[in-house]
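Enquirer: After the sequence you'll find the predicted model.
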Amino acid sequence: MMAVDTLRFSWNDLSLVGTLRLPDRVEPVPVVVMLQGSGPSDWTSNGYFPLIQEAFLSRGIGTYSFDKPGCGESTGDWRDYALEARADQVLPALDAVRSHPAVRADGVGIWGQSQGGWLVQMLAARLTDLRFAVANSGPSISVDQQDLYGCEHTMRFEGHGEEDIQRALAFISDLHAAAKSGLSYEEVDAQFLDAARSQDWYGYATIDDAEDWQSGSLFAQETFEPVEAMERIRVPYLAVYGGRDVLLPPWQSAEETGQALRRAGNADATVVVFPAGNHRIQDNATGDFGDGYLDLLADWMAHRVR
């Protein structure tokens, strides 16, 4: 049995709405607040979260995730907010969860996927009252570097030639520079986009309209450095990577994460790579989660909230 509750909170002028799923327990339970990756997403992360949530619920841990702005029942537009703003939105979400009568206030932690993994790094470096923090495919590299890495290795995986790959990377670097210098969409369209739209590689760095450009510019202007943040994390921390991830360097990220947590003096840090896993720790052919992945997440978390 499971209880489901709609939990709303306010952030700036937005009303953000999420779903709290609770195991069938009499006493208050620990809860994990789950953070989605990039793009528009409801509280299920467009269907990615439920199986993971079931693993947590089976260990007596509740789950909470909220619709991004402009998705599901939340107001606003997700494209208006980059990393810092997304992290700021999580703070009232944590307060709302801790205030719920069925939640154990001292048992609340966070879990984030991809871009949500960056949020976990940011928040875990700043908040000492988190019971635990889990970064799922949280890059150890910056936003600019991840853009370039993801484009290059996705194109290689899909069989593109070296010349097209280098042109796409040069194009993305130009867009980063344009965003940092504050160029308008009209200026970028005239200088870069118009000539690039006919190229086969354009789909790996698509800017559809002014809203797209505004959103991309916000992220290009971010100064977040993941390794620097992880050097300040002292709450119990789990980092998980997929060895076949083409959107970030998994083995490099695992090594840099472990080294940063060691420098932080973190006494409860775990870094795991699933060699056959992709960016979502799933098998590319079947879509199944890596062997033991769900048990790792749920058991590791359950141990920290006992």
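Expert: Sure thing, it's come through.
Enquirer: List the buried residues of the helix or strand of the chain with the lowest mean pLDDT.
Expert: Within the chain, no helix or strand scores below helix 194-196, which has a mean of 89 by mean pLDDT, DSSP states H and E. For helix 194-196, a neighbour-count test (16 or more other C-beta atoms under 10 Å) marks Ala196 as buried. Bear in mind the C-beta positions are built from the backbone N, C-alpha and C, glycine included.
Enquirer: Name the next helix or strand downstream of that helix, please.
Expert: For helix 194-196, the succeeding helix or strand toward the C-terminus, using DSSP states H and E, is helix 210-220.
Enquirer: Now the element after that next one, going C-ward?
Expert: helix 226-230.
Enquirer: Packing partners of that following helix?
Expert: helix 115-126, helix 250-263 (3 or more C-beta pairs under 8 Å, 6 or more residues apart in numbering; DSSP states H and E).
Enquirer: how about these, which one is nearest Ile207?
Expert: Across those, Ile207 has its closest neighbour in helix 115-126 (18.1 Å, C-beta to C-beta).
Enquirer: okay, the following helix or strand past that closest one in CSV with CA atoms only?
Expert: Counting by DSSP H and E, the next helix or strand C-terminal to helix 115-126 is strand 133-136. Provided in CSV are the C-alpha atoms of strand 133-136 (Å, rounded to 0.1, in the frame of the first residue of the first chain):
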residue,chain,number,x,y,z
ALA,A,133,22.7,13.3,-1.4
VAL,A,134,22.8,11.1,-4.6
ALA,A,135,24.1,12.4,-8.0
ASN,A,136,23.0,10.2,-10.9
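Enquirer: so where is the stretch 51-200 of the chain shaky, pLDDT-wise?
Expert: Scanning the stretch 51-200 of the chain for pLDDT under 70 picks out nothing.
Enquirer: the helices in it, which residues?
Expert: With DSSP state H, counting those that start in this stretch as the criterion, the stretch 51-200 of the chain has helices at 83-99, 115-126, 143-157, 162-180, 185-188, 194-196.
Enquirer: Contacts made by the second one with the rest, please.
Expert: Under the contact criterion C-beta atoms under 8 Å, 6 or more residues apart in numbering, helix 115-126 has outside partners 34-38, 83-84, 86-87, 90, 110-112, 130, 133-139, 143, 224, 226, 229-233, 235, 237, 239.
Enquirer: go on, the fifth one?
Expert: Under the contact criterion C-beta under 8 Å, 6+ apart, helix 185-188 has outside partners 175, 178, 207, 209-210, 213-214.
Enquirer: Wait, Ser10 touches Phe66, no?
Expert: No - taking contacts as C-beta atoms under 8 Å, Ser10 lies outside contact range of Phe66: 11.7 Å.
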